[in-house]
Structure formats: structure tokens, C-alpha cells
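below is the structure, and that's it, no one-letter string:
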């Protein structure tokens, strides 16, 4: 293709005279391909077809495992492109630190160090920048997880929207959490879902709400049940619906959850009703699903309630291949979310 | 501060009606603070004051070292915000892969795996995206360094300029290259400098030139001299001037180089003269400086000439604290570059 032509048209867009997309839809990247749903999974599959991952084993989409001289080393990366940067209960720095810590934690890996890649728009407020870095520094000290290395780039005004943060992380697992699940196993959710998504939506649409992001580092919580559970997976973009579908697809099992047992703050429920949004698709940043044998379920829930009193069993694993919600009126299939679920909130 | 006000004014900027910077200069991030020179070093020092790096040891600004059960684990991160994305001899994918491989390699660490964080503008051409991913895939296979894990984000049109790539990397070093240097040690440059910067400048200013980027993975080259040299450092943004000043400051030594011995393609020299640019500050992406005792210098140069015939000794370590260039007309101090050296080319 003619690079100069393409650059010129995109330049125009950056200066506010966005021309309509002239290429066929399938020839350009769509916003929905970054939203954690079906389209993104398709794009990633196409992208990764170019790569060899060598001896690294993809544990799920979020981290990879390599045995290094008998150590189980886990490696993960994530970029954060959040609007707004500050929201009730947190900021982009909190998301970026916790997100990567949590991707390691759900594999049973103690996070050893986090890298911090800052991409800053020229003219961005230094007081905002340092407030965000302070958030990260404090969380890092509280959690005892160091910021190991970093990188800073500054882009011309208009070339990036304020601030993007990439965090990557290394962890080491004594026992990697990837045991096979079986029919009869219990599905546990570690706390109320959708609070992060709700806090950001309320802020964006200027709705009154006291809901704060649930964002937090999960290593301590997961470490408390690491000997009891077979698998854990943090809930992020795409919400509970996405996580359960990913587990069902990977494990070739049916996951059946009881709608009335799903932990949900009253305010979250109210806001989803006002905005007509499915709570199952709402983002979390400090909640996870874990699966354990029936005999360990009570013990695991008890451990998790030390951290969040809403932790509970929400369903069980069965033979089959779908995610089923048992409502008061019957059963329905819970699909993998698709489209622009909620753009750029985690 | 009032967040909504700040967001509104920056929103305007993204739609082409950029208001003048209203805040005092020191209160906002400046472009020069991302250019690899003095201002960037100051910003990074201020930023990292918020963090604890725990047991990680900062080997230099680019990677960190942690002993994990008697393994020397190196960890590094870098983000790539290049314009144009495609240039003579390479593309942003090549830079992103090689840059992180090289940050590990200069510490004597065999790269075990690279992570890939893609941040894509909605509407970006899929054929360009997949061409870039193919570059990375091929380099990864050739070098035997796997893409271990990845992440993809898509941002709304106008929120990011086409494509940003973050790569992080893990390596393991048998012997970490951080031996103390001494007066009399020799300074070696692994090949002609400034070719990457020249290729991008020529492309951007539409000058005729056959110079291609020097970007390449350096592990094999560095591994061939790892037993001979005390330290190695890849030349990137800020060029040879930045690398030599970093070494001089860290080691509290004077580095004296002989101007006539600096390896430089004729075309690179010509372009720097036309544009009035200092070749010492021009970016490289596949060259490094290494320092070894005088007795190993010939052997090291011989090994390096297998990869690049322009590799040579350019000077030596002395007592003192500056970087000195010995020209035909006398000595001059080579300072750390400052200002917008060459924005966004690596």
C-alpha cells in the first residue's frame, strides 16, 4: 500500500477532520476488537499465528509459563488505556499495577517484580503524573511487590490521549494453578461483581453513585486458597460472562451458575437497570473466579470472606460446553460478550 | 485540580483546536523529557523516587537483576512510538523486538522470552498490522527467542497515532556483564554509528539515501565476546554521546575517544553535515559499546568483525569524569545530548 497516503488521511483525522473509513471493514482494526469479547479473541488468534512461543506454555491468554532450572516462571503483560484516568476509588496507576499482579496471582505465582512503561502526551500535567506514580508506589510497598524496571516515552500533543501505562510482570509458582476441573466442582466468586465498571460508567455519565472501583492486588487473597482450589481467573474486561466462557471453552465443560447467588451490590444492580447493561459483562479489577472440588468449597469461601464478605459459591461444573444461568424463570445461555462492551475502562 | 476542566481542554486539542499550554512549563511534561537526554534522566529520577525496587538491582536504566534460586534473572521493558512505522530496512516491530532483546543481551543475559503489548488505533490497516507482526515473528524464529506472552488494546480513532508497541523481556545471565572498568581499558564500538537515525531522517525529510536502519538482535554478537568484555551497552536514543556519558557518570571515569576512529558510513557523515546534526547523538538500534582490558581488545574486535567489519577500538578509559573527543584540532567535551534530539524514531 501507499504509506504516505495512509499517513496523510490519518493525520487529517488527528486534526479533527476525520474522513469516513474508506477501507472495507475487515481490512482495518475495529474498536470492538479490543473489548475483551469474541472479536478480540479472533484478532489475537490471527496475530499469534505469526509467532513461536518456544518452550513457553500459554496458561491462558494472560500469562505464560516457562520452567527455568526447576522454577516455574510466569510472565505476563498488559496495557492500560483508561478514560477517565482518575475515578472513584482509584486511577489508571492502580489498575495497571493490580492488573498485572492479578494475572500472575491467578496462576498461583507470587509476583516477583512489575515493569512500568509510561507513554505520556506532551503537555500532560506533572501533578497528575506524579499522583498516579504515587498510587503505584504505595500499592507496591503495601503489597511487597517491587517495581523492578521502567521506561518513559513522551509523544507529541495529539499523538496519544494523555497517558497509557504498560505493566509486565514476573512471578514464580510453587504449584501452578491449572488442575483439570471436573463435574461436581464448585464455582466461587470472590466478591461483588461489576463494581469497577459501574464506578467508571457513573463517573462518565455523571450519575450519582457511591460505588468505587473494586481494583486491588489479589495475591494475598489467592495465596490463602492456593492449596484448596484447582484454578483461579481474575475477572476483567468482559466481566464474569467472559471469564466463565473462557473457562468453559478451555475445559470443555458446562458451567452452571445460579442467578440469585451472584454477589452484586444494590447500587450496581440499579445502575445496570438504568443503563440497560448486563451486569455479567461489567468489568471488575479486583475479583476472581475460582473452582475447587465440592469438599473444599466451604473452606475456600471461609478463607475468602476474610477479604470480602460477599465471596460465595455461585454454581457448579457439569458435563457440557456452555455457560448456563439458572434464573427464577428458567435457564438461559450466557454468551461470550461481543461488540463494544464498555470501551477503555480497564 | 479540576479533572473535568483538564479533560475538556485536552479533548479540544485532540480535535484540532489545540489551545496554547496554559500551565507553567515545569508543571507539564515536555517532549524533550522523552528524548533520551538530560531532561529525560531528570524526569525518570523524579518518577522512580516514588518506587521501591525491593531486591531488584538496577543494572543500568534499561534492565534490572534479581537472583531467583541462584539464577541471575534480568527483566526489562521498552515502549516504541515511532514515526514513520515503516522505514528503510525495517519497521516498528523490528525495533520493538530487537530493542528489548538488546537490553537483555548487553547485560550478558540470554533472552528467554519477549512480551508484546500492542496499542492500536481504531481504523489501523490490518495489512500493516500483520506485516509488522510478521517481522516480529520472523526475527523471533531466526534468533530463537520466543514471544512468550502478549496483550492487545484498541483505542478510539484520534486517541493514539496508529500503533504503539511495548516489549518487555526476561533473560538469564551466567555472568552478569557489570565488571568495574579501569584506566587503560579499551572502548570498542561494534559497527558504524547513526545508521538508524539517518535512515529515519532521510525518509522523513524525503532525502535520497541508501542508508538502512542498523536494527538487529545483538545476543549472538554479544555472546561471542561475553567472556572478553567487562561491560556492554547498546546505543539507542541519544546515540553514542548518551551511552558514553552514562558510562562515565556511573563509573566515575573519563572516556576519551579519537574522533577519526569512530566508525561512520560516508552517507551518514554527509547527511549529518547537510542537516547540521551531530552524529554522536544519532540513534542506533543494532550497535553497542563494550569495554574490555587492553589485553583482550584485539580478540574482542576480531570476534565482533565476524558480524560487522567496522567494529573497532575507538578510545580508552582514563581517570576523570568527562567524555572527551580527541579531534585533529584538539580536545572537546562530548556532553549528554539535551532537547528534542530526534523525536520518536526509536
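On my side now, so go ahead. The shown structure was predicted, so the numbers you read here are calculated from the model rather than taken from an experiment. Numbering: from 1, shown residues only, chains lettered A, B, ... in the order given.

contacts and neighbour counts: CA atoms only from here.
Will do.

give the bridge partners for residue A:58, please.
Beta-bridge partners recorded for residue A:58 (DSSP bridges): residue A:64.

burial count for it?
Neighbours of residue A:58 under the rule other CA atoms under 10 Å in any protein chain shown: 16.

and residue A:327, by the same measure?
13.

just residue A:220 next, same as before
14.

that one: which element?
helix A:219-225 (DSSP states H and E).

list the buried ones in that helix?
In terms of neighbour count (16 or more other CA atoms under 10 Å in any protein chain shown), helix A:219-225 has its buried residues at A:219, A:221, A:222, A:225.

cool, stretch A:101-116 as well?
The neighbour-count check on stretch A:101-116 (16+ other CA under 10 Å) flags A:101-116 as buried.

model confidence over it, on average?
For stretch A:101-116, mean pLDDT is 95.

touching chain B at all, that stretch?
Yes: on the criterion CA under 8 Å from any CA of the partner chain, stretch A:101-116 is in touch with chain B at A:113, A:115, A:116.

looking at these, spot the one nearest residue A:294.
Proximity of these to residue A:294 was ranked by CA to CA; the top entry is residue A:113 with 34.3 Å.

and the next element down the chain from the one helix or strand the closest one maps to?
Per DSSP H and E: residue A:113 is located in strand A:109-121. Next helix or strand after strand A:109-121 toward the C-terminus (DSSP H and E): helix A:126-143.

list the contacts of that following helix.
Applying CA atoms under 8 Å, 6 or more residues apart in numbering or on different chains, the external contacts of helix A:126-143 come out as A:91-94, A:97, A:146-147, A:217, B:26-29, B:47, B:50-52.

tell me how many other residues surround residue A:49.
With other CA under 10 Å as criterion, residue A:49 counts 11.

quick one: which of the contacts of helix A:126-143 has the most company?
residue A:97 (30 neighbours).

for the nearest residue to that residue once chain neighbours are set aside, give its distance to residue A:221.
Among residues not flanking residue A:97 along the chain, residue A:136 sits closest, at 6.3 Å (CA to CA, 6 or more residues apart in numbering or on different chains). In this view, residue A:136 and residue A:221 are 19 Å apart by CA to CA, to the nearest Å.

the helix or strand following the helix holding residue A:220 near chain B at all?
The helix or strand immediately downstream of helix A:219-225 is strand A:231-235, counting by DSSP H and E. No: using CA under 8 Å from any CA, strand A:231-235 stays clear of chain B, with a minimum separation of 15.4 Å.

same check on stretch A:326-342?
No: Stretch A:326-342 is not in contact with chain B by CA under 8 Å from any CA; minimum separation 10.7 Å.

residues contacting that stretch, please?
Contacts of stretch A:326-342 (CA under 8 Å, 6+ apart): A:31-33, A:35-39, A:197, A:238, A:241-242, A:245, A:256-260, A:281-282, A:322-325.

what do you get for stretch A:263-272?
In contact with stretch A:263-272 (CA under 8 Å, 6+ apart) are residues A:189, A:191-195, A:198, A:209-211, A:278-279, A:310-312.

sitting in strands, which of these do you find?
A:189, A:312 (DSSP state E).

considering the contacts of stretch A:263-272, which possesses the most neighbours?
residue A:194 leads these on contacts (other CA under 10 Å) with 33 neighbours.

can I assume it is in contact with residue A:278?
No: counting by CA atoms under 8 Å, residue A:278 is not a contact partner of residue A:194; they are 9.6 Å apart.

relative to chain B, how far out is residue A:94?
14 Å (CA to the nearest CA, to the nearest Å).

can you check the pLDDT for the residue positioned nearest the centre of chain A?
In chain A, the centroid-proximal residue (CA atoms, centre = their mean) is residue A:236; its distance is 2.5 Å. On pLDDT, residue A:236 comes in at 89.

does it touch residue A:284 like I think?
Yes: shown here, residue A:236 and residue A:284 form a contact pair, counting by CA under 8 Å, at 4.8 Å.
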